[in-house]
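A.B. asks: predicted model and sequence below, questions to follow.
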Amino acid sequence: MQVSFENIKMSYGDKDVLNNINFTIPEGKLVSILGPSGCGKSTTLMLISGLTFPSSGKIMFGDKEVTKQDAVKRKVGMVFQNYALYPHLTVLENIMFPLKMEKMPRKKREKRALELAELVQIKDHVHKKPKQLSGGQQQRVAIARALAKEPSILLMDEPLSNLDARLRIEMREEIRRIQQETGVTTIFVTHDQEEALSISDEVMVLNEGAIQQNSDPITLYNKPNNQFVAQFLGTPIINMIDVEQDKSILEWMPISDEAINQTKRIGIRAEDILTTSDERKMLFSGIVRHVARVGKDTTVHVKQGEDEVVATDLDIIPEEGELLYLTANINKVHFFDSKGGIVPVEEVARI
């Protein structure tokens, strides 16, 4: 089922939580809504579910408007952060519960519940109670229960936040597998960029009630729409270099004078920083403050005065205290104006 928001505004008193947002979530896709706490992620999910209604605007499921339709009629499945399983019921009974409410015959609902238990790989535990299961197993039960009524849309609100790091990786891969096998349109709310980027067909980044960017994960990371998106995504955080006071840092770059004048800051991801022996082409020089080695990854912190950049995947592993000249591929540099917007840059010949 395709989901569309048309000029949706959501206010609580004089506070705007969502401010005239528009988007379309394609049918059969897994889309993550990503952003910091308080940005409007869960509110968006509640509006889709029908558990709350917008102050203005239209919500469409396919060609049908559902703006004022209640949750029961929307045929939406939900998985919450705390799973909300019934502790006195077995796994099988938990999965069957929505079907029991619909008065489906017992044999039919039991058959459906066992099929779902197999889909989420929990069939060997159907006679256990929730307290006998691990967090990941409880999550599987919650997903199966949400799928029991064959929803047209599956909503997941921070479903992995209570799991440990290794189990989160396992469960996000499982969520992707289940979504692909069922084909149900899935909307996944998270503040964890790694979760969003790893499993989603598309990622919508929200901040302060407005959509900052809505695109596939690769485009989102490589071509951010603005400084907020660039800084919100990526580990380590993107390096921001202020060039407003000294434009000479840009003068070797093959970009126009107009672009140089508009640019106030440049952003370079840690993995896109290179070493150079040519001082004329350096973006930054400094002393190696710290070298961190974690497994195969090496992160180098280079400090100059009060400024510092972080680099990974350098062609050398320097020693602490060593002087480095750093640069970057021009195609990997992001240029930002005074408002944090992208400065359009086309390469030109510079004499």
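C.D. replies: Thanks, I have the structure now. Numbers count the residues shown, from 1 in each chain.
A.B. asks: apart from its neighbours in sequence, what residue is nearest Asn214?
C.D. replies: Of all residues not flanking Asn214 in the chain, Met204 sits nearest, at 4.4 Å (Cβ to Cβ, 6 or more residues apart in numbering). (C-beta placed from N, C-alpha, C; glycine too.)
A.B. asks: distance check, that neighbour against Lys41.
C.D. replies: Counting by Cβ to Cβ, to the nearest Å, the gap from Met204 to Lys41 is 9 Å.
A.B. asks: what sits in contact with each of those two?
C.D. replies: The overlap between the contact sets of Met204 and Lys41 (Cβ atoms under 8 Å, 6 or more residues apart in numbering) consists of 33-34.
A.B. asks: all the strands of the stretch 251-351 of the chain, residue numbers only.
C.D. replies: Residue ranges of the strands in the stretch 251-351 of the chain, as given by DSSP state E, counting those that start in this stretch, are 265-268, 273-275, 284-294, 297-304, 307-312, 323-328, 334-336.
A.B. asks: actually the stretch 51-200 of the chain, not the one I wrote
C.D. replies: Listed from the start of the chain, the stretch 51-200 of the chain has strands (DSSP E, counting those that start in this stretch) covering 56-61, 64-65, 76-79, 153-157, 185-190.
A.B. asks: so which of the ones you listed gets nearest Thr299?
C.D. replies: Between Thr299 and these, the tightest spacing by Cβ to Cβ is seen for strand 185-190, at 24.6 Å.
A.B. asks: quick one: strands adjacent to that closest one?
C.D. replies: Partner strands for strand 185-190, per DSSP bridges, with pairing direction: strand 30-34 (parallel), strand 153-157 (parallel).
A.B. asks: how about the contacts made by Asp201?
C.D. replies: Contacts for Asp201 were tallied using Cβ under 8 Å, 6+ apart; they are 26, 29-31, 216.
A.B. asks: which pLDDT does the model give it?
C.D. replies: In this prediction, Asp201 carries a pLDDT score of 95.
A.B. asks: hang on, Gly28 packs against Gly183?
C.D. replies: Yes - contact criterion Cβ atoms under 8 Å: Gly28 and Gly183 qualify, at 5.1 Å.
A.B. asks: of the two, which one has the most company?
C.D. replies: Gly28 (15 against 10; other Cβ atoms under 10 Å).
A.B. asks: look up the pLDDT of the more buried one for me, please.
C.D. replies: 94.
A.B. asks: do the same with Ile317
C.D. replies: pLDDT, read off for Ile317, is 88.
A.B. asks: same list (the contacts of Asp201) but as TSV, adding neighbour count.
C.D. replies: Compiled in TSV, the contacts of Asp201 are given as follows (neighbours: other Cβ atoms under 10 Å):
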residue	neighbour count
Pro26	12
Lys29	17
Leu30	23
Val31	21
Asp216	12
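A.B. asks: sorry, back to before: in a markdown table: the strands of the stretch 251-351 of the chain, plus mean neighbour count and distance to Leu99.
C.D. replies: Rendered in a markdown table, the data for the strands of the stretch 251-351 of the chain read as follows (neighbours: other Cβ atoms under 10 Å; distance: least, Cβ to Cβ, whole Å):
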| stretch | mean neighbour count | distance to Leu99 |
| --- | --- | --- |
| strand 265-268 | 21 | 51 |
| strand 273-275 | 19 | 56 |
| strand 284-294 | 14 | 48 |
| strand 297-304 | 18 | 48 |
| strand 307-312 | 18 | 50 |
| strand 323-328 | 19 | 57 |
| strand 334-336 | 22 | 51 |
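A.B. asks: looking at the ones you listed, spot the one closest to Val17.
C.D. replies: Counting by Cβ to Cβ, Val17 lies closest to strand 334-336 out of the strands of the stretch 251-351 of the chain; the figure is 26.9 Å.
A.B. asks: quick one: that closest one to chain centroid distance?
C.D. replies: Between the centre of strand 334-336 and the centre of its chain there are 22 Å (Cα atoms, centre = their mean, to the nearest Å).
A.B. asks: need the contact partners of it.
C.D. replies: Against strand 334-336 from outside (Cβ under 8 Å, 6+ apart): 224, 226-227, 230, 238, 255, 259, 262-268, 342-343, 345.
A.B. asks: keep only those of the residues you listed that are in helices.
C.D. replies: Among these, the ones falling in helices (DSSP state H) are 227, 230, 259, 262.
A.B. asks: quick one: least confident of the residues you listed?
C.D. replies: For pLDDT, the smallest value among those belongs to Ala259: 87.
A.B. asks: buried residues in stretch 316-324?
C.D. replies: 318, 324 (16 or more other Cβ atoms under 10 Å).
A.B. asks: contacting residues around the closest residue in space to Glu110 that isn't next to it in sequence?
C.D. replies: Excluding its sequence neighbours, the residue lying closest to Glu110 (Cβ to Cβ, 6+ apart) is Met96, at 6.4 Å. Contact criterion Cβ under 8 Å, 6+ apart gives 109-110, 112-113, 148 as the residues in contact with Met96.
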